Structure formats: C-alpha cells, structure tokens
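Participant: whatever this is, show me its structure:
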Amino acid sequence: MKLSVLIPVYNERYLAAKLIRKVMAVKLPEGLARELIVVDDGSTDGTRKILERLAAEIPEIKYIPHERNQGKGAAIRTAIAAATGDFTIFQDADLEYDPDDYPRIMEPLLSGQADVVYGSRFQSSERQRVLYFWHSMGNHFLTLLSNIFTDLNLTDMETCYKAFRTEVLRSIPIRSQCFGIEPEITAKVAKRGLRIYEVPIRYDGRTYLEGKKITWRDGFRALRVILTYRLIDDIYDEKIAPEYLIDLSRAHRVNRWTADALRPFLGERVLEVGSGVGAMTGLLLPRERFVASDAKDAYVTILKNLAIRRSGIEVARLDPASAEDFAALKGGLDTIVYVSGLENLNDPAAALKNFHAALEPNGRVVILAPQGPWLFSPLDRTLGHRRRYRAADLTAALEAAGFAVEQTFQFNRIGLLGWLFNGVICRRERIARIQLKLFDSLVWLFRRIDWLWPWPGLDVVAVARKPAASGAPAAAELPPAAAAGH
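Facilitator: You can find the predicted model right below:
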C-alpha cells in the first residue's frame, strides 16, 4: 500500500526543503510506501527552484507548479488528481505540524476503523507551543460552529492534518480556493456519514513574524463556508454521481417510506439491483445475506465504502442485462429488489430473464417503476428514463420472463401532482431542491393519507414469484398491500 502526502507550498523557501526531508525520513508502518505530491502555488520568493531541485533528487516526489497563486484549496485539488496512493494526508509546508505523527494518524485507517482521521492540536499531546489566545479562541469557535451544523464532536476542525482513504477523498468535490477547504471537507464528510476519528498531534505553531499566513479574514471566510455547506448538499463529485441523484438520495423520509413499502415482501437472501449511492441499501437491512450491486464502477466504489461501515452488506458489479454477471448468484437468492431502474434499460426483458435465472424456486422479484406513459417529460429524460410503465405493462413483462405476478399496487399518489406540474406542465428538467426538501419534510403526513387520493400513484410496485418446480413447497403467503402501509 502507499501513502500520498499532499504538500501545497507558497513562498516557503527557507522551510520547504527541511519539511520535505522530514517527510522522507518518517518511519511509516511496515508495508506502507510513500509519494509526495508537491504543488508550488505560484511562489515568487525562489521556492520554485528549490522544489525543482528536490524533485530531481528524490524519485518519490511528483512536482506540479501553478503559474499563479490560487490558494490552498486549489493546490490540494491539483494534488488529489495526481495522487496514486491508497491513503492520502494533507501536509502544510511550514513545519508547524510534525510528520513524525503520521504513524499515529494512519493507525485507524490501516486497521479499517476509519474513513477519515483528523489530527487534533487540542487533544492532549507531548507538547504544544503557547501562542495567540484570540487565534486559539477563533479556532475553537469555528470548530464549535462547525460541530453545531454537522452534529460532530470534533475538537479541531481547522487542523491541517486530515488523512483519508484516497477513493473516499476523490469522490468529494472541493470548491474552496483557499483555507475554506477545512470547513468544506468537514461538512461534506459529515453529510456522507463517513467514519471520522481524531488523534492527538504535536503542534509547533508560528508567529506572524515567523511567516504565519492565516488571518482574521480567513476566519470570516470559514464562517461563510460553514453556513454555505450546511445548506448545500454538494457531497459527491459530479463525475461520480449527478447532482439530481444526490438530491434524491438526501430525501431520507421518502427513501424510508419506499423501503417500508417494499420490506414486507423481501426474504432473507436479497439482491438489490441498481443500488447507486446506497440510499435504499441500509434501509432494507438486516438480512441473512444482502448483496448491493450496480453496473457503474463509481457507484460500486461508493457501495464498498458503505459496506465497510455497515456489516451484512456484500457488493457486486452487476449489469442487469448481462447473464454472465448473474451466473455467480444463480440459485442463491430468495429475493431481488429493483427500485427505479428497469425504466432506464435498453433491454428490460433480458434483465428480467436474468432475475428469473438467479432466483431459487419460489423466489420473488420486487420492482418499483415510474408509472403513466402520459407523464413522460423532461424530468424523465434527466433521470435517464426510456419509458414509464402501466401496471398491465409491468405485469406482462414479468410474465413473459417466466414470473407469476402475485400483486401490483400504487405508490406515492401525492407525488404525481408535483411531477405533473414540474415535468408535464412547466417542462422543467429538474425539481427544485427546495420542493424536494419540503415534500420530504411532509412525508410523515403524505404516507398516512396516500391511499385516500382517487388518482393512480407516481410509481407502481409489482411483486412476482418464480414458480416452484414440481413437488416443491409453495411460496409463503404475501402480505396484502394495505398491510405494508400504502
């Protein structure tokens, strides 16, 4: 395994070389190699020549110059793109932080306990230089405010030492150019539900006469960033998960309503097809066996991160239309659940046949799909929908694949009104985030009165069984739709 040390440098000609040599001298845990990603952020004091010379001397250094100063956040973004390690740690070039603390910081990552580790200057350590009272109070205040909005109990949000599993860090979009990177990352790892640990570190802070660069202005910028990312759910890189998908995944009450509607029909050995970022996955547990799957590698990586945090989840890369992908699961499942995915496939018939082959006799498939061809709109195109189903269409497709449909029922009747207004009448490509949040906040009411509305649901759910072989026991009786709370 490898540790990538990300070092943004700006006008540190007297300290950069010493810092780099200290990083190279650190005794890392056995089996952990290192690389240094050194980004010169437009230095004008001769630092660049020093870094160029060191990069020529030390093969572990990747040196990347910025032509102009862009800020710490921009330099970190550049370094992340170049990192190849399994783990990543931020390292300032000013020697306030001691690289000898790396083994202590890395331990929770290497043991598999953590996704992110913060090095805290304010937990007890061997030593700490006594410096500015108001600067310390500013750090404590920003950490307190960050904790209020993120519901974390960090002691040092503004610390430089933040270490990550690199695949996690790469999936987090970083927008801040300067020191706002610290509260931004903290807000996003909190919203992602990542496992964060803190460890005490040594800290030998500088005075402003010695070259300290952060000022009270950066404190106000950090305050703005804390407030901004409390309101904005910008938690996945757009290349990994589109913004609209994240908006839907953050509708926790809607997702729980959906899970509650499907859960009574699930057995103990379940395959979830098209798990995406895992919005439904954890809500369907616990099970004797639960396999979360997706066809996209980026989502598989996200699901693997989820599986580390939640026991009882297996992860597989599965293309619903690929018989080869399903071969390893054949006969080992009693339920396949597919939520809002069948409508996106080029060949849904092939997927349903694969589901039939993978299920054991008497196994069930539970499918939720968007309903009503007349509702097809720009909203559907944004979500990648190729079609919307009628209950009869979904029944016919399942029967053609060899299933016996046991029941279909309507789901989310109230949601049809919002879809009709936004997609069909206004021809919008996105539902405004404020609308989604408002709807999500009222789900406690909507789910209790959904059965009252006389029109069909926005979605239809079909529950079908793979017929048992001759002489096999019959399937357990299904609960009626009304008993599932819809």
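Participant: any idea which element the nearest residue to I226 once chain neighbours are set aside lies in?
Facilitator: Leaving out its chain neighbours, the residue that sits closest to I226 by C-beta to C-beta, 6 or more residues apart in numbering is P183, at 4.7 Å. All C-beta atoms are positioned from the backbone trio N, CA, C, and that covers glycine. Assigned by DSSP states H and E, P183 belongs to helix 181-191.
Participant: just the strands in the stretch 351-486 of the chain please.
Facilitator: For the stretch 351-486 of the chain, applying DSSP state E, counting those that start in this stretch gives strands covering 359-370, 404-411, 459-465.
Participant: quick one, which of those strands is nearest to Y118?
Facilitator: When the strands of the stretch 351-486 of the chain are compared by C-beta to C-beta, strand 359-370 sits nearest Y118, at 39.4 Å.
Participant: show me the contacts for V273.
Facilitator: Residues near V273 by C-beta atoms under 8 Å, 6 or more residues apart in numbering: 293, 318, 320, 336-338, 341, 351, 355.
Participant: can you tell me the closest non-neighbouring residue to it?
Facilitator: Counting by C-beta to C-beta, 6+ apart, V273 lies nearest to Y338, which is 4.4 Å off, once chain neighbours are set aside.
Participant: got it, and D45?
Facilitator: N11 (4.5 Å).
Participant: give me the secondary structure label for that neighbour.
Facilitator: Here N11 is recorded as coil under DSSP: H, G, I helix; E, B strand; the rest coil.
Participant: any idea how far it lies from R21?
Facilitator: Using C-beta to C-beta, to the nearest Å, N11 is found at 19 Å from R21.
Participant: what strand or helix carries D92?
Facilitator: Under DSSP H and E, no helix or strand contains D92.
Participant: how many neighbours does it have?
Facilitator: 18 (other C-beta atoms under 10 Å).
Participant: all numbers from here: first residue = 17
Facilitator: Sure, I'll start counting at 17 from here, so that last one is D108.
Participant: what residues does stretch 90-100 touch?
Facilitator: Applying C-beta under 8 Å, 6+ apart, the external contacts of stretch 90-100 come out as 18, 20, 22-26, 51, 53, 55, 57, 78, 80, 82, 104, 106, 182, 185-186, 190, 193, 197.
Participant: surely K78 touches V55?
Facilitator: No. Judged on C-beta atoms under 8 Å, K78 makes no contact with V55 at a distance of 9.1 Å.
Participant: which one's more surrounded, the two?
Facilitator: With neighbours defined as other C-beta under 10 Å, K78 and V55 compare such that V55 has more, 27 against 16.
Participant: am I right that the more buried one is in a strand?
Facilitator: Yes. Assessed by three-state DSSP, V55 belongs to a strand.
Participant: quick one: contacts for it?
Facilitator: Shown in contact with V55 (C-beta under 8 Å, 6+ apart): 22-25, 80-82, 91-92, 94-95.
Participant: can you give me the distance of V215 to A49?
Facilitator: Taking C-beta to C-beta, one finds V215 at 22 Å from A49.
Participant: looking at the two, which one has more neighbours?
Facilitator: V215 (19 against 12).
Participant: pretty sure that one contacts I121?
Facilitator: Yes. V215 lies in contact with I121 (C-beta under 8 Å); the separation is 5.7 Å.
Participant: what touches both of these two?
Facilitator: Common neighbours of V215 and I121, using C-beta under 8 Å, 6+ apart, are 133, 135.
Participant: between the contacts of V289, which is nearest L319?
Facilitator: Of the contacts of V289, the one sitting nearest to L319 (C-beta to C-beta) turns out to be S309, at 7.7 Å.
Participant: just to revisit the earlier point, give me the subset of the contacts of V289 lying in strands.
Facilitator: Judged by DSSP state E, those include 309, 352-354 as members of strands.
Participant: any chance of the residues you listed in TSV, plus neighbour count and pLDDT?
Facilitator: Shown next, in TSV, are the ones in strands among the contacts of V289 (neighbours: other C-beta atoms under 10 Å; pLDDT from 0 to 100):
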residue	neighbour count	pLDDT
S309	24	96
I352	30	97
V353	24	98
Y354	23	97
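Participant: any chance of the residues you listed in TSV, with distance to R240 too?
Facilitator: Output for the ones in strands among the contacts of V289, formatted as TSV (distance: C-beta to C-beta, whole Å):
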residue	distance to R240
S309	40
I352	47
V353	42
Y354	42
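Participant: what's the closest of the residues you listed to L474?
Facilitator: For these, the nearest to L474 is Y354 (16.8 Å; C-beta to C-beta).
Participant: let's see the worst-scoring helix or strand of the chain on mean pLDDT as CSV, backbone CA atoms only.
Facilitator: Ranked by mean pLDDT, DSSP states H and E, the weakest helix or strand in the chain is helix 259-265, scoring a mean of 74. C-alpha atoms of helix 259-265 as CSV (Å, rounded to 0.1, in the frame of the first residue of the first chain):
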residue,chain,number,x,y,z
GLU,A,259,-26.4,16.4,-8.5
TYR,A,260,-30.1,15.3,-9.1
LEU,A,261,-29.2,11.8,-7.9
ILE,A,262,-27.7,13.2,-4.7
ASP,A,263,-30.8,15.4,-4.2
LEU,A,264,-33.0,12.3,-4.4
SER,A,265,-30.7,10.3,-2.1
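Participant: following element in sequence after it, please.
Facilitator: helix 268-278.
Participant: contacts for the one helix or strand V184 maps to next, please.
Facilitator: For V184, the element it lies in under DSSP H and E is helix 182-186. Residues outside helix 182-186 that contact it (C-beta under 8 Å, 6+ apart) are 20, 96, 99, 101-104, 131-132, 210, 253, 317, 321.
Participant: how far is that helix from where the chain is centred?
Facilitator: In terms of C-alpha atoms, centre = their mean, to the nearest Å, the centre of helix 182-186 is found 10 Å from the chain centre.
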